[in-house]
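>>> What would the 3D arrangement of this be:
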Amino acid sequence: MSQTAVLVWLSAASVLPTFRADVDAFAHSQLLRLEAPRENAAPFRVHASAYAPDAVAQIEISLEEARKAAASLEQSRAHDELERAEQVLREHPELPQSAWLMAEILQQAALLENAAPEGFEIANALRERAAALEGARAVPFSDPAPEREAEMPPAQTVSIEGLEPGDALEWDGTLSQSTIMTAAGEHHARVARGGRLLWAGWLQLSAPESRLRLPVPETVACSLDDIGRSHFAQGRAIPAPHARCASYVLSRAREGGIEAALCEREHCGPVVIWQHAHGSARGERSSQKVIWPYVVAASAGALLITGIALWRTGALERAEPTTREIWVFHGQQQMGLSF
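Below is the predicted model of the structure:
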């Protein structure tokens, strides 16, 4: 009874049909039924662009209109434009510059409050929110000085949970590790996996919190996110770090056939060199049939075969002692080499 294994083809996808017979023959020899990798976790907002230039343009237009309205002492219209900019920004958390745009909205709102009677307390609170997002900002020479300087919120160590190995975290627009130093308040975060945006949103961090979990989708077992980073190196099959797939085959094209290895989670078996039984990969029949013997005596032919295998696996380039096992198949006959 055959078991199912996922095929990870490491050569160009366009050449897979050429070597499909060899891949299937290897699978048959291992009593395997091959299938394609599973779908990756869905990206953030599947039907939306990872970047919305129209939304950015709307926000920047609203910010500019708010500046003009404030300069004309049209406070009400300035507030309306800032509210419109914030609404569009919250509808598009996928924007990488979200934290900076929000900080600009808060800073402009603080200037409006400064102009209002008894508005300095609200203005300072708005500046503290902006500082939590972007850090301290120098006050432009042309702006009126606040009656009381806003204090920079104290930073605290926070461990970000919910990330998978290899995920890229952007915290307030900056690429960050899973443990960060940040201030209490509202923050913006984005998480990418394999170059795809998987989650983005706004978070509220309180002063005592030291751990914060993001609702990032988990890696799907046997997807390319899970096992796509597996590879061959120096004659060995190297599994993807933290792989979850119970059974998968790494394979790639080589002259005269394929290389393949059967893997289970974070462990891969020996590399198998599967050679064409007849002719080339394109179906041409060879003029001479070569059969590998099961037992090779200490002869010039045996030395040549061993030398080729050593060269192919890179053993001759390594100074430290090592042991490798490679199986060479030619049709249905095989020879095991250990060195």
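>>> helices or strands next to the helix ranked longest in the chain in the packing?
Identified as the longest helix of the chain according to DSSP state H is helix 53-71. For helix 53-71, the packing partners by 3 or more Cβ pairs under 8 Å, 6 or more residues apart in numbering; DSSP states H and E come out as helix 75-91, helix 98-114. Just so you know, the C-beta spots here come from the backbone N, C-alpha and C atoms, and that holds for glycine as well.
>>> got the buried residues for the first one?
Of the residues in helix 75-91, those buried under the neighbour-count criterion (16 or more other Cβ atoms under 10 Å) are 78, 79, 81, 82, 84, 85, 86, 88, 89.
>>> Helix, strand, or coil at residue 7?
Secondary structure state of residue 7, per DSSP: H, G, I helix; E, B strand; the rest coil, is strand.
>>> and it, what does it touch?
23, 27, 34, 35, 36, 37, 248, 249, 251 (Cβ atoms under 8 Å, 6 or more residues apart in numbering).
>>> Out of these, who's the most crowded?
The most crowded member of these, judged by other Cβ atoms under 10 Å, is residue 248 (29 neighbours).
>>> shouldn't residue 34 be in contact with residue 27?
Yes - Residue 34 is within contact range of residue 27, at 5.0 Å (criterion: Cβ atoms under 8 Å).
>>> quick one: common contacting residues for those two?
Common neighbours of residue 34 and residue 27 (Cβ under 8 Å, 6+ apart) are 5, 7, 249.
>>> Quick one: the helices in the protein, in order.
16-29, 53-71, 75-91, 98-114, 120-134, 224-227, 300-313.
>>> Kindly calculate the angle that the fourth one makes with helix 53-71.
Just to be clear, that refers to helix 98-114. 20 degrees (axes from the mean of the first three to the mean of the last three Cα atoms, to 10 degrees).
>>> about what we covered before: which of the helices of the chain is buried the deepest?
Highest mean neighbour count among these (mean count of other Cβ atoms under 10 Å): helix 224-227, with a mean of 24.
>>> so what does it touch, helix or strand wise?
strand 3-9.
>>> quick one: the strands in the stretch 151-300 of the chain?
Taking DSSP state E, counting those that start in this stretch as the criterion, the stretch 151-300 of the chain carries its strands at 155-161, 168-171, 174-176, 179-183, 185-193, 196-205, 211-213, 231-233, 236-238, 248-254, 257-264, 267-268, 271-275.
>>> Could you check these and tell me which one is nearest residue 105?
For those, proximity to residue 105 was assessed by Cβ to Cβ; strand 185-193 is nearest, at 11.7 Å.
>>> and the angle from the closest one to helix 75-91?
On the basis of the same axes, to 10 degrees, strand 185-193 is oriented at 30 degrees to helix 75-91.
>>> what residues are up against residue 203?
Contact analysis of residue 203 by Cβ under 8 Å, 6+ apart lists 186, 187, 188, 189, 212, 214.
>>> 7 Å instead?
187, 189, 212 (Cβ atoms under 7 Å, 6 or more residues apart in numbering).
>>> ok, now residue 219?
41, 164, 225, 226.
>>> What does the pLDDT read for it?
Listed pLDDT for residue 219 reads 95.
>>> and what of residue 241?
At residue 241, the pLDDT value in this model is 90.
>>> picking up where we left off before, and the strands of the stretch 151-300 of the chain: which comes nearest residue 14?
Smallest distance to residue 14 across these (Cβ to Cβ): 10.5 Å, for strand 248-254.
>>> That closest one pairs with which strands?
Paired with strand 248-254 in the same sheet, following DSSP bridges, are strand 3-9 (parallel), strand 257-264 (antiparallel).
>>> who's in contact with that strand?
By Cβ under 7 Å, 6+ apart, the list of residues contacting strand 248-254 from outside reads 5-11, 15, 19, 23, 27, 32, 34, 222, 227, 230, 232, 237, 258-263, 268.
>>> Any chance of a ChimeraX selection covering the buried ones in those residues?
Provided next is the ChimeraX selection string for whichever of those are buried by 16+ other Cβ under 10 Å:
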select :5,6,7,8,9,19,23,27,32,34,222,227,230,232,237,258,259,260,261,262,263,268
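>>> still on that earlier bit, I'd like the average pLDDT over the longest helix of the chain.
Averaged across helix 53-71, pLDDT comes to 94.
>>> With just CA atoms, put it into CSV.
Extracted in CSV, the C-alpha atoms of helix 53-71 (Å, rounded to 0.1, in the frame of the first residue of the first chain):
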residue,chain,number,x,y,z
PRO,A,53,-1.6,54.2,-3.7
ASP,A,54,-5.0,55.7,-4.0
ALA,A,55,-5.5,55.5,-0.2
VAL,A,56,-2.1,57.1,0.3
ALA,A,57,-3.0,59.9,-2.1
GLN,A,58,-6.4,60.5,-0.2
ILE,A,59,-4.6,60.7,3.1
GLU,A,60,-1.9,63.1,1.9
ILE,A,61,-4.6,65.3,0.2
SER,A,62,-6.6,65.5,3.5
LEU,A,63,-3.4,66.3,5.4
GLU,A,64,-2.6,69.2,3.0
GLU,A,65,-6.2,70.5,3.1
ALA,A,66,-6.0,70.4,7.0
ARG,A,67,-2.8,72.5,6.9
LYS,A,68,-4.4,75.0,4.6
ALA,A,69,-7.6,75.2,6.7
ALA,A,70,-5.6,75.7,9.9
ALA,A,71,-3.6,78.5,8.3
